[in-house]
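Asks: what follows is a predicted protein model with its sequence.
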Amino acid sequence: MKLIGSVTSPFVRKVRVVLAEKKLECVFELENVWSPETTIAASNPLGKVPCLVMEDGSTMYDSRVIAEYLDTLTPVCKLLPANSRDRANVKVWEALADGVLDAAVLAYLERTWRPEELRSQAWTERQLGKVRAGLNVMSVNLGEQPFCMGIHYTLADVALGCTLGWLAFRFPDIDWRGDYPNLARLFDKLSERQSFKDTVPR
C-alpha cells in the first residue's frame with residue numbers, strides 16, 4: 001500500500017497514526033496539493049489527501065473511510081468496537097473531531113491564503129465559532145474518563161488527538177488547554193504514544 005499525503009495535514013496524520021497503531025507496512029509519498037505541479041487528481045479526483053493506493057492500483061480516499069478499512073486488516077490494536085452502538089459512538093466522536101478541523105482549516109485558509117482586502121472577518125468568526133462549540137462538546141462528552149469511550153483507546157482518541165495537535169500547530173491563540181484541562185490531559189497522554197510522536201506536524 002501507498003499513502004499519499006502531507007506531514008501537516010491532520011487528516012493524513014490520523015491515517016498515519018492508525019497505520020502505526022495497527023503495525024501495517026505502507027509507503028508514505030509526500031504530495032503538496034496546492035502546488036501547480038501536483039498530480040493528486042490522478043489518484044483522487046477531489047484533489048485531496050490522504051489518498052490510499054492499494055496493491056492493485058485502486059484508490060481509497062477520505063480519512064474516515066481509510067481508517068475504518070485499515071482497522072479491518074489486522075486484529076492488532078482494534079480501534080473500532082464490534083458492538084454497533086459503541087461503534088457508532090466512536091464514529092460520532094470522529095465526525096465531531098473532523099468537523100472541528102473542517103471549520104478550523106477554512107478559518108486558517110481565510111486568514112493566510114486569501115488576499116487581505118478580500119478576507120471576511122465574519123466568515124472567519126463563523127468558522128471559529130464552530131471550533132469553539134465543538135471543543136466544548138468534546139470536553140463535556142469526555143468528562144473525567146481516561147479516553148473518549150471510557151477505558152478503551154479507540155479511533156475516537158486518534159481523531160481527537162490529531163485535531164488538538166493541529167489546533168496547537170496552526171492556532172496557538174486558541175487556548176483550549178486553559179479552557180478544557182480534561183482535553184489537555186488526554187492530549188498529553190496521547191502525545192506519549194509512539195504513533196503520535198512520529199507524526200507531529202512541523
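Replies: That came through, no problem.
Asks: L167 sits in which helix or strand?
Replies: Under the criterion of DSSP states H and E, L167 resides in helix 155-170.
Asks: which stretches of the chain have low pLDDT?
Replies: By pLDDT under 70, the chain has no low-scoring segment.
Asks: mind doing that once more with 90?
Replies: Where the chain drops to pLDDT under 90, the residues are 202.
Asks: let me see the domain layout of this protein.
Replies: 2-71, 84-196 (automatic domain parsing).
Asks: who's in contact with the residue in the chain sticking out farthest from the centre?
Replies: Within the chain, the residue lying farthest from the chain centre (CA atoms, centre = their mean) is E117, at 30.9 Å. Taking CB atoms under 8 Å, 6 or more residues apart in numbering, we find E117 in contact with no residue. (C-beta placed from N, C-alpha, C; glycine too.)
Asks: report the secondary structure state of it.
Replies: helix (DSSP: H, G, I helix; E, B strand; the rest coil).
Asks: one more: L183?
Replies: helix.
Asks: that one touches G143, doesn't it?
Replies: No. The criterion here is CB atoms under 8 Å, and L183 misses it with G143 at 10.9 Å.
Asks: neighbour count winner among those two?
Replies: Using other CB atoms under 10 Å as the criterion, L183 and G143 rank with L183 on top: 20 against 8.
Asks: could you find the closest non-adjacent residue to the more buried one?
Replies: S139 (5.4 Å; CB to CB, 6 or more residues apart in numbering).
Asks: for burial, what's the neighbour tally of the one you found?
Replies: Burial of S139 is recorded as 17 neighbouring residues (other CB under 10 Å).
Asks: in the chain, which spans are strands?
Replies: According to DSSP state E, the chain carries its strands in the segments 2-5, 27-30, 51-53, 59-61.
Asks: of the ones you listed, which is nearest D157?
Replies: Taking CB to CB, strand 2-5 is the member of the strands of the chain nearest to D157, at 20.3 Å.
Asks: which strands border that closest one, and is each parallel or antiparallel?
Replies: strand 27-30 (parallel), strand 51-53 (antiparallel) (DSSP bridges).
Asks: let's have these in JSON lines, adding mean neighbour count and distance to H152.
Replies: Listed next are the strands paired with strand 2-5 as JSON lines, based on neighbours: other CB atoms under 10 Å; distance: least, CB to CB, whole Å:
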{"stretch": "strand 27-30", "mean neighbour count": "12", "distance to H152": "28"}
{"stretch": "strand 51-53", "mean neighbour count": "24", "distance to H152": "25"}
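Asks: V53 pairs with what?
Replies: Beta-bridge partners of V53, counted by DSSP bridges, are K2, T59.
Asks: so who does it touch?
Replies: So V53 contacts M1, K2, L3, I4, S43, T59 (CB under 8 Å, 6+ apart).
Asks: good, we can wrap up now.
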